[in-house]
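1. predicted structure and sequence below. I'll ask about it afterward.
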Amino acid sequence: MTGYGAARLLREGLRGHRGWTPAWRSPEPKPDYDVVIVGGGGHGLATAYYLARVHGVRRVAVVEKGWIGGGNTGRNTTVVRSSYFYPESVALYDLALRLYEGLSRELDFNIMLSQRGILTVAHTEMEMDVCARIVNAMQINGTDAELFDAERVRRVAPLLATSPGSRYPVLGGFWQGRAGVARHDAVAWGYARAADRLGVDIIQNCEVLDFIVENGACAGVVTARGPIRAGRVGLAAASHSAVLAAKAGFELPLHVYTLQAMVSEPIKPALDTVVLSLGTGVYVSQSDKGELVFGGGIDRVTSFAQRGNPPVQEAVISGLLEMFPAFGQLKLMRQWAGIVDVAPDSSPIIGPSPLPGLFLNCGWGTGGFKAIPAGGFLMAHLLARGEHHEISRPFDLDRFARGALIDEAAGSGIAH
Amino acid sequence: MQIFTCPFCGARDETEFRFMGEAGKQRPEGGRAVGEAEWAAYLYLQRNEKGPVREIWMHQPCGELFLLARDNVTHAAEPGVGLRPEGA
Amino acid sequence: MARRLPQGGRIDRARPIPFSFDGKALSGFAGDTLASALLANGVSTVGRSFKYHRPRGVFGHWTEEPNAILDVTRDGRREPDARATTVYLEEGRTLAAASVNAAPDAERDRLAVIDAFARFLPAGFYYKTFLWPRWGLFEPAIRAMAGLGRLDPGWLPAAPAAPCNRACDVLVVGAGPAGLAAARSAAEGGRSVLLVDDRREPGGVLLWRGGEVEGQAAEAWIADTLAAIARAGGTVMSDTTAYGVYDHGLVCALQRGAEGAPDRLWRIRAGHIVVAAGAIERPLVFADNDLPGVLSAEAGLAYLRQYGVLVGERVVVAANNDAAYPVALALREAGAHVSLVDNRPAPRLRRLAEDGGVAVLAGERVVRAEGRRAVRAATLASGARIEADALLVSGGFTPTAHLYCQAKGKLAWDDALLAFVPGAPVEGVSVVGAANGVFGLAAAVAEARAAVAVPKSGGAPAARDPAALDAAPAWPNGDAGGRAWIDLQSDVTVKDVGIAARENYASVEHLKRYTTLGMATDQGKTSNVNGIAALAAATGRAPGEVGTTTYRPPYVPVPFSAIAGLRGGERMNPVRRLPLEARHRALGATLGEYGGWLRPAYYGPGDMTEAVAREIRAAREAVAVFDASPLGKIEVIGPDAARFMDFQSYMTLSTLAPGRMRYGFMLEETGIVFDDGVVSRLDENRFRVSCSTSHVAAMHARFETWRQDQFDPARLFIHNATTHWATLAVSGPLSRLLMERLSIVADLSDAALPHMAFVEGRFAGGPATVARVSFTGERGYEVSVPAARAAELHERLLAAGRDLGVAPLGIEALMALRAEKGFVVVGLDTDGTTMPHDLGFGGPRLKRTGDFVGKRSLFTQAAEAADRKQLVGLDTVDGAPLPRGAHVVARDGGRLRSEGFVTSSYASPALRRPVALGLVARGAARHGEEVTLRHLGRELRARLRPPCAYDAKGDRLNA
């Protein structure tokens, strides 16, 4: 019996927790697989899980250069939402949100999805108009959204500075109640454990150095632990997808930037929802541990250093205090950075690459965590069938040549 | 907070600079006749090298574009170099 | 129980200071920390643990403290999660401390019962349960229990301190023996030196360990060294913690404000960073080692020597190294009964200890702390039991090399020192003394002096003496009975580490995230290495193979208010202000932020709708004056200017005659409309671009980029003249009459100055440009004068036009006027997909032969698609105004689909009905069609029409 649950915890508690077994194995890589996925983040692990679960493809390996979930999956501010403007985006992110809603039970792993809602706060009449435009778009596209006036904003975020004398007075905003946060590490671990049980090999500390190319097609990967052959290869390595693309002989339309996140010391509950200000660009929520988790704009200097930078910190923290003056009594406990791969339209790239046999799932920029289940689901479809699911079709690499970009910032005035 | 060196103004804080693009990109000639893929490549593709890179930056206070050789992993940055030889 | 000794310590017993803890009135002395004062008052339980609500007492003595986290309110201002070991009592300031995670207080916590169920709540239990019926049902209760301190919702910000910058040749972090020596050597070597230290007094470990340095007693050596540093021009900053190393030698430091002064952020740019931050003692891990009364040995000594506090009468010191011996001796000398339990069979200091009256039990170790609320005894491996009211533990030392790691240094495991020590040198960073694993005063001081002998050195190989502490392994392992605590603040036990290992969370990063080890406010200063060792033991590896987690700033929690500094309020993204702001205010304007400028929204008292209607009437029926000063004025000058403008602009501009103006667009290379505006040709080689207010900086940068990239910069000059000029737009059927009264020296006749032409003349002795342009659709003039003359012009216009019914025009009325005309505002009526042919300007796209920015993108598949969103006007069907943001919808087999949206919507007094603009799929071909709109769930009807609803022929321009 390897399932989780209260009864199991009780039993293990009584016998000193000796019965727990590995959440996933650490197998040696086999010489070949049907599918090899490069990148053991949320998207790669979810891809492996859905390949095995939905498509019955079980000879699958996920190769990860470090430890699973150690990239952007474990470095984000854990927000999940589908508050997007274009129907293509809503279809994608709402698929993710719907999968998230059933994920804890499906994986038998509590990912602590907490649908406490996201409030996007507007400070000018023009921003209010934009909010109305988005709310209408979301409702038409079939997801939940509400336009809030200042009073309703005050009700869900009483500590928010809303007075007309504020630098950013609050006129209202929009609300997606199904949005919220989830425990980011648990998403990676839950998918890893479930995929492992279906026979997927998760191979950590195994950097991919190159691709095996035969007859003009990708036939596997060369790793630090030797070559691994594969019928199809999925590339889900975020910013390193762009670096690895060069090994496969092509370039990607991606920029690599640093996104910082920060947490305060833990306090008793003080903020019940996710709040994003259109004035400061800062977003914040309070974790179940009590820490305020927040971030803001990206640092537009290409960097693979994964380090913080004081100018951005100062801007983000001063923005946070402008929104919530009472948070001025708190302290910064930890700060870190992720490397985000941003496409020109800030939408992801899912689809075949220029090298046959190699498929892409990248370009999630600052918004990859919220999309993990959909990214995995669609990528699995692509790898199993060799063709797009209808939801991923608009996100193909070909959209750039066609000029059919899906630019949320362009359509709504609000970026991801 | 990095220090970059404008070839004209000297060492300044990174907040004064603006990244313009990877060095070496050529705008395709031919207007409407340029191929769709070639145009998209010009608009969007990036080499995304990890480590030493050569980029074009603008020092905003003086407005000059220059070549910056730096390392995007270690953040070591060489002094910027003007785009045109002296006297040209 | 701890108590204050009648004498000793660095406190001032003549200055008692009252404070309270959990509502009880207590008293300490000047020089006390909150923690030392609590101990001196015999307070043993200072709070409850995060997860299991176990009673916890003070463990450490400085920033490493895991337990004594309290809500501290001073002079009415709260600091949640304050570390009692670093909060000083201050005379004249009230201080009320409250325990966290305890109700009603630390002594009588009601949730203490949770500990009885601890076996069912191991590491990561929440991942394995609460799946049914759903997590959301359990989460609120768990949320309420989590967190430490309480936020004061009524807290108001105090005046913050401005962050300060400082540059130096050498920054020394830590004023212990190594740091002081390094600072002195560097300063005397002629370099500018800044020495920062997080304590109130320099001296570091010498303050409680004393000793002899370079032939002098510690106190004298500290004083002499400080004097020497000052003489050589060095600076010493106390109460200052260097908490983060960033790019290119930038160090951020927090200077704590004393006596209620605000904390201040320092950004220090150092050529050479010398890390002399010492080392932190690790606990020994055994059953119930979290009881109040278990302290680090170093803390026991620090409380004695610094604060005159004896931590117990019967003290067991448990150790695996030599550093605990002086502690035992000092406590014995202070009157305690002391036993020293040493896991080494033949400790070399045994005789010394025994001679000093300390009982030494060699080759023996503590396996359990006994007691319910506090330590009563220690049980040893042999089964022996020693009565004790304090149990001091020393499990070796962890070098404080955080800053080196943040600078991308890599630690290496030293099997002799049983510690992670700095490995390969990092350029510009030296680590010296205990922070480098060099224990022993003489060696540390010598190393420090050597490190600064070479500027910017990474440091010589460490002069580490492997036998310095003679430490023997005493790592936690899974065999320990009971609950042995590794991370006191996160409530992580050895068994938790075992569970993580069993479940293959075997990467140290997974261990941290799964068990939360090292993730609390102390960031694992005392627990990380023990956790690594326990994981190593559980997975059959050496600690060096497991490795450490990433070291991230900040080293200690840093107040948000110090980081934000003075950036708040009106200083945040400050609005730009008009030269005429005072005049607008005098005219009763309500100001608002538009495109980053503070501009008049409307004038006069009362409701905005009425004011706007009044202003619109003036513009349509008489004359109105609008302050258009922020409108961009970028000049393009030089022999290649015409060619440059043709390349930049969607419309051809080289054919424009000097003195004439043309409306047009600038595109992105992606073909998207970047901005619109009027371009004037001043002469053959000089153009002026009037771009949108919010695009000035971007337009200037864009021109500059293309100038240098595609043109010969010697033949072009770009000049941003926006703020040189103030521009007033005079608009309305009576505008010509008003202009004639202005005594501008220029020919303003329609023959000389037709629509879309300009003349340069003089006004009040200075230059003036008068242009015939109109954003309202009425006859209009834009008068530009040097900003300094703006007030005079404005005053003259309003005075001279009084009898004509002149009115100042706010931006809200202007927006309605231009919407009636179907004039777009880029960014409002266009979005990031809009191309010029979507706005009815398809001509140049098809006709222009030369290349221009964005041209190729106008012919992609998407650009040529039939269903592009195009600019339309929308008429309400039922007379009610159309809400901005409403979408035009279509149905595809029952499914709603958006076809576009309303971008602008205003009441139109001239037309006596609302007008609206929008972007609608195939809109240009659908004029006359009635469409359905949706807004917040409601359905509305509207009819599409051409964008211009007022004076489509343009007759009013010349009325």
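-> Here it is on my side, so go on.
2. tell me, how many residues neighbour the closest residue to chain B within chain C?
-> Minimum separation of chain C from chain B (Cβ to the nearest Cβ) falls at C:Asp851, amounting to 4.0 Å. Quick note: C-beta positions are derived from backbone N, CA and C, even for glycine. By the criterion of other Cβ atoms under 10 Å in any protein chain shown, C:Asp851 has 18 neighbours.
3. name the nearest residue to it, ignoring sequence neighbours.
-> Excluding the flanking residues, the one nearest C:Asp851 by Cβ to Cβ, 6 or more residues apart in numbering or on different chains is B:Gly31, at 4.0 Å.
4. cool, C:Thr225 as well?
-> That would be C:Leu180: by Cβ to Cβ, 6+ apart, it lies 4.5 Å from C:Thr225.
5. quick one: contacts for that neighbour?
-> Going by Cβ atoms under 8 Å, 6 or more residues apart in numbering or on different chains, C:Leu180 touches C:Leu195, C:Pro202, C:Gly203, C:Gly204, C:Ile222, C:Thr225, C:Leu226, C:Ile229.
6. mean confidence for the helix or strand harbouring the last one?
-> With elements delineated by DSSP states H and E, C:Ile229 resides in helix C:218-231, which encompasses its position. On average, the pLDDT along helix C:218-231 is 98.
7. thinking again about what came up before, make JSON lines out of the contacts of C:Leu180 and add neighbour count.
-> Putting the contacts of C:Leu180 into JSON lines (neighbours: other Cβ atoms under 10 Å in any protein chain shown) gives the following:
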{"residue": "C:Leu195", "neighbour count": "30"}
{"residue": "C:Pro202", "neighbour count": "23"}
{"residue": "C:Gly203", "neighbour count": "24"}
{"residue": "C:Gly204", "neighbour count": "24"}
{"residue": "C:Ile222", "neighbour count": "22"}
{"residue": "C:Thr225", "neighbour count": "26"}
{"residue": "C:Leu226", "neighbour count": "19"}
{"residue": "C:Ile229", "neighbour count": "24"}
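8. let me know the closest of those to chain A.
-> Taking those together and measuring to chain A by Cβ to the nearest Cβ, the closest member is C:Leu195, at 21.6 Å.
9. and the pLDDT for that closest one?
-> For C:Leu195, pLDDT reads 98.
10. quick check: it touching C:Thr235?
-> Yes - with contacts counted by Cβ atoms under 8 Å, C:Leu195 reaches C:Thr235, the gap being 7.0 Å.
11. for the residue in the stretch 301-416 of chain A that chain B sits nearest to, list the residues it contacts.
-> Using Cβ to the nearest Cβ, the single residue of the stretch 301-416 of chain A nearest to chain B is A:Ala401, 4.0 Å away. By Cβ under 8 Å, 6+ apart, the residues touching A:Ala401 are B:Glu36, B:Ala37, B:Trp39, B:Ala40, C:Thr860.
12. again with C:Asn685
-> C:Asn685 makes contact with C:Ile637, C:Gly638, C:Pro639, C:Ala641, C:Ala642, according to Cβ under 8 Å, 6+ apart.
13. thinking again about what came up before, isn't the residue nearest to C:Asp851 right up against C:Arg856?
-> Yes - B:Gly31 lies in contact with C:Arg856 (Cβ under 8 Å); the separation is 6.2 Å.
14. what's the closest non-adjacent residue to the residue in chain C positioned nearest to chain A?
-> Each residue of chain C has a distance to chain A, by Cβ to the nearest Cβ, and the smallest belongs to C:Gly832, at 2.0 Å. Distance criterion Cβ to Cβ, 6+ apart; nearest residue to C:Gly832, sequence neighbours excluded, is A:Ala410 at 2.0 Å.
15. output the set of residues of the stretch 551-700 of chain C in proximity to chain A.
-> C:552-554, C:557-561, C:563-565, C:567-570, C:572-573, C:592-593, C:670-672 (Cβ under 8 Å from any Cβ of the partner chain).
16. now those residues: which count as buried?
-> Neighbour-count burial (16 or more other Cβ atoms under 10 Å in any protein chain shown) is assigned, among these, to C:552-554, C:557-561, C:563-565, C:567-568, C:572-573, C:592-593, C:670-672.
17. for chain B, what are the nearby residues on the stretch 101-250 of chain A?
-> Near chain B, when you scan the stretch 101-250 of chain A using Cβ under 8 Å from any Cβ, you find A:Ser239, A:His240, A:Ala242, A:Val243, A:Ala245, A:Ala246.
18. next up, the contacts around the first one.
-> The contact partners of A:Ser239, taken as Cβ under 8 Å, 6+ apart, are A:Leu254, A:Val256, A:Phe304, A:Ile339, A:Val340, A:Asp341, B:Asn48.
19. which residues of chain B lie near chain C?
-> B:1-3, B:14, B:18, B:20, B:27-32, B:34, B:36, B:39, B:43, B:58, B:60, B:63-65, B:74-75, B:77, B:83-84.
20. not counting its neighbours along the chain, what's nearest the residue nearest to the spatial centre of chain A?
-> Residue closest to the mean C-alpha point of chain A, counted by Cα atoms, centre = their mean, is A:Phe369 at 1.2 Å. Among residues not flanking A:Phe369 along the chain, A:Asn76 sits closest, at 4.3 Å (Cβ to Cβ, 6+ apart).
21. was I right to think C:Asp239 contacts C:Arg199?
-> Yes - when contacts are counted by Cβ under 8 Å, C:Asp239 is listed as touching C:Arg199 (7.3 Å).
22. show me which residues of the helix holding C:Ile229 are buried.
-> Within helix C:218-231, judged by 16+ other Cβ under 10 Å, the buried ones are C:Ala218, C:Trp221, C:Ile222, C:Thr225, C:Leu226, C:Ala228, C:Ile229.
23. want to try JSON lines for those, with distance to C:Val508 as columns?
-> Listed next are these as JSON lines, based on distance: Cβ to Cβ, whole Å:
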{"residue": "C:Ala218", "distance to C:Val508": "38"}
{"residue": "C:Trp221", "distance to C:Val508": "40"}
{"residue": "C:Ile222", "distance to C:Val508": "38"}
{"residue": "C:Thr225", "distance to C:Val508": "39"}
{"residue": "C:Leu226", "distance to C:Val508": "41"}
{"residue": "C:Ala228", "distance to C:Val508": "43"}
{"residue": "C:Ile229", "distance to C:Val508": "40"}
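24. can you tell me which of these is closest to C:Asp676?
-> Among the buried residues of helix C:218-231, C:Ile229 lies closest to C:Asp676 (Cβ to Cβ), at 63.1 Å.
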